[in-house]
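# Mind folding the following:
(one chain, ligands or ions: 1)
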Amino acid sequence: MKNLNLAALALIGATLAGCQETEESRVLDQSLAHEETVYKPLDWAPIDVNSISKSGRTTASPYRLELVSAEYITAPESERAGQTVIFNDRGNKQLAYDFSPVAKLNGISDISYYVDQVRPGTDLDSPTKEAAIDRAAATWDGMNCSAFGLYKVAGLPLPIGVIAAQLGFPSIAGYIADINHAGWMPASFFDFVAEDGSQFILGVTFTLLLIDENGDYIDTNGDGKFDVGLREIYYNDNFYWGDGDLVDVETIALHEMGHGLSQGHFGKAFIKKEGTIQFAPRAVMNAAYTGVQTEIIGSDNGGHCSIWGNWPNQ
Ligand SMILES: [Zn+2]
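Residues are numbered from 1 along each chain as shown. The predicted model follows:
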C-alpha cells in the first residue's frame, strides 16, 4: 500500500493545530538540519560496467566504478530532511566530486542522460513521466551560464541500472549515460538507502566514482574534485505520483537532475506550526519536497554556474 501524503499531512496538521504551540516555526530536528551527511558502511566490490548500446557505449576505459554516495529527497509529512549517505568513507565525509571532461566513460565531454522506459511504476504512463523528466533536463540545459552539451541517449526496452542490479533487482549493471534516470522502484529498494526509507524517500541519486587500477579515486582535470563515472536516479513507487496534490514528477526530476549535475542540497528546513515543512531559502535543491517547483531559482543558479560555468575547461 502506498503512502497517503495528503491524509498524513491532514492528520499532522490537525494534531498540531490542537496543541498550544505558539512559536511561528520550530527548527526541524537539529541533527538532521545540521548533519546532513551520514556514513553507512558498504562492502561492495568495485564495479565493472558493460557496454550496453551503440549510443551509450563505453570506450576502453582503464577505470572501474565505486559507489560513494546517495542523496535523497524526502516527503513533506515525514518531518525529515533529505540526507547524503556516504558509503565509502575514506576519512573525509566532505568529499567533493564532479565529472571530468577527460575521464568520461564514453569518451565524450558533453553530458548525456537517459530515461528508463520499462520501470514506470504504477502511476501515470511511461511517456508522461519521460516527458516530465525531459522538461526538467531541458530546464537545467537552458541555463545561460553553462554549456555542457546535454544530450539524451535513446531508450532501450531493457532495465538498466548498476545499483538496482547490485541490490538484486532485474537490471543490467552497465553504463548507458552519465546521468541515468533509472525508473520507479518498489519500496524495498529504498530501505537500502535508509532505515524505513521506503516511507519517506521520494527520489535518490547515487554517485559512482571512477577508481584506478590501485582502487584510488582520480582527479584527471586537477580541479580538486574526484571524478564521477556515472550517476543513477531512482524514484519511489511507494508514493503517488501525478499532478496537483500528488508528488510532481517534473519537480523531483529537476531536483535529482541537479544532483546528477553535481549540485548538493541547499537551504535550512523548518516545520511550521501547522505541520508543513518550509525551507530558507527556497530552492530546487532543498532536501524535502514542498510542492511544485519547476523553475530554477536563486541559489540553484549560483550552484550550477559555479560547477559548470567553465566546462569543459577548468
Ligand atoms: Zn536531493
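
# can we go C-alpha only for contacts and neighbour counts from here?
Fine.

# any residue of stretch 233-240 up close to the ion?
No - contact of stretch 233-240 with the ion is not found when judged by Cα under 5 Å from the ion; the minimum separation is 10.3 Å.

# quick one: average pLDDT of that stretch?
When the per-residue pLDDT values of stretch 233-240 are averaged, the result is 97.

# Check the offset of that stretch from the chain's centre.
Mean C-alpha position of stretch 233-240 versus that of the full chain (Cα atoms, centre = their mean, to the nearest Å) differs by 12 Å.

# now swap in stretch 306-314 and tell me
21 Å.

# Quick one: residues in contact with it.
The list of residues contacting stretch 306-314 from outside it, by Cα atoms under 8 Å, 6 or more residues apart in numbering, reads Ser100, Pro101, Ser109, Cys145, Ser146, Ala147, Phe148, Asn221, Asp223, Ser262, Gln263.

# switch the cut-off to 6 Å
Residues from elsewhere that reach stretch 306-314 (Cα atoms under 6 Å, 6 or more residues apart in numbering): Pro101, Cys145, Ser146.

# what does stretch 101-112 give?
Residues outside stretch 101-112 that contact it (Cα under 6 Å, 6+ apart) are Arg57, Thr58, Thr59, Phe148, Gly149, Leu150, Tyr151, Lys152, Ala177, Asp178, Pro312.

# Dump the C-alpha coordinates for that stretch into CSV.
What follows is stretch 101-112 as a C-alpha-only set of coordinates in CSV (Å, rounded to 0.1, in the frame of the first residue of the first chain):
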residue,chain,number,x,y,z
PRO,A,101,35.8,16.1,-19.3
VAL,A,102,38.9,14.0,-19.8
ALA,A,103,37.8,10.9,-17.9
LYS,A,104,34.3,10.3,-19.3
LEU,A,105,33.3,6.6,-19.6
ASN,A,106,32.1,7.2,-23.2
GLY,A,107,35.0,9.4,-24.1
ILE,A,108,32.7,12.4,-24.9
SER,A,109,32.9,15.6,-22.9
ASP,A,110,29.3,16.5,-23.5
ILE,A,111,27.0,15.3,-20.7
SER,A,112,24.4,12.6,-21.6
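
# Would you map the strands across the stretch 101-250 of the chain?
Secondary structure of the stretch 101-250 of the chain (DSSP state E, counting those that start in this stretch): strands located at 112-115, 151-152, 179-185, 201-211, 226-236.

# elements contacting the fourth one?
For strand 201-211, the contact count by 3 or more Cα pairs under 6 Å, 6 or more residues apart in numbering; DSSP states H and E identifies strand 64-74, strand 226-236 as packing neighbours.

# before we move on, back to that, in JSON lines: the strands of the stretch 101-250 of the chain, plus mean neighbour count.
Listed next are those as JSON lines, based on neighbours: other Cα atoms under 10 Å:
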{"stretch": "strand 112-115", "mean neighbour count": "24"}
{"stretch": "strand 151-152", "mean neighbour count": "17"}
{"stretch": "strand 179-185", "mean neighbour count": "25"}
{"stretch": "strand 201-211", "mean neighbour count": "26"}
{"stretch": "strand 226-236", "mean neighbour count": "27"}
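
# Just give me the neighbour total for Leu261.
When neighbours are counted by other Cα atoms under 10 Å, Leu261 registers 21.

# Mind checking the helices and strands packed on strand 201-211 for the one nearest to Ile201?
Each of these has some distance to Ile201 by Cα to Cα; the shortest is strand 64-74, at 4.6 Å.

# Tell me if the helix or strand that comes right after the closest one is near the ion.
Using DSSP states H and E, the helix or strand that follows strand 64-74 towards the C-terminus is strand 84-86. No - using Cα under 5 Å from the ion, we find that strand 84-86 stays clear of the ion, coming within 7.9 Å at best.

# roughly how far out does strand 84-86 sit from the chain middle?
On Cα atoms, centre = their mean, the centre of strand 84-86 falls 11 Å from that of its chain.

# and after it, which helix or strand comes next?
Read in the C-terminal direction, the helix or strand following strand 84-86 is strand 97-98, with elements assigned using DSSP H and E.

# quick one: contacts for the residue in the stretch 151-300 of the chain that the ion sits nearest to?
The nearest approach of the stretch 151-300 of the chain to the ion comes at Ala287, 5.1 Å away (Cα to the ion). Contact partners of Ala287, counting by Cα under 6 Å, 6+ apart, are Ile73, Ala81, Gly82, His265.

# and which of these is nearest the ion?
Taking the contacts of Ala287 together and measuring to the ion by Cα to the ion, the closest member is Ile73, at 4.4 Å.

# For the closest residue in space to that closest one that isn't next to it in sequence, the count of nearby residues, please.
Computed as Cα to Cα, 6 or more residues apart in numbering, the closest residue to Ile73 that is not its neighbour in sequence is Gly82, at 4.5 Å. Neighbour count for Gly82, taken as other Cα under 10 Å: 26.
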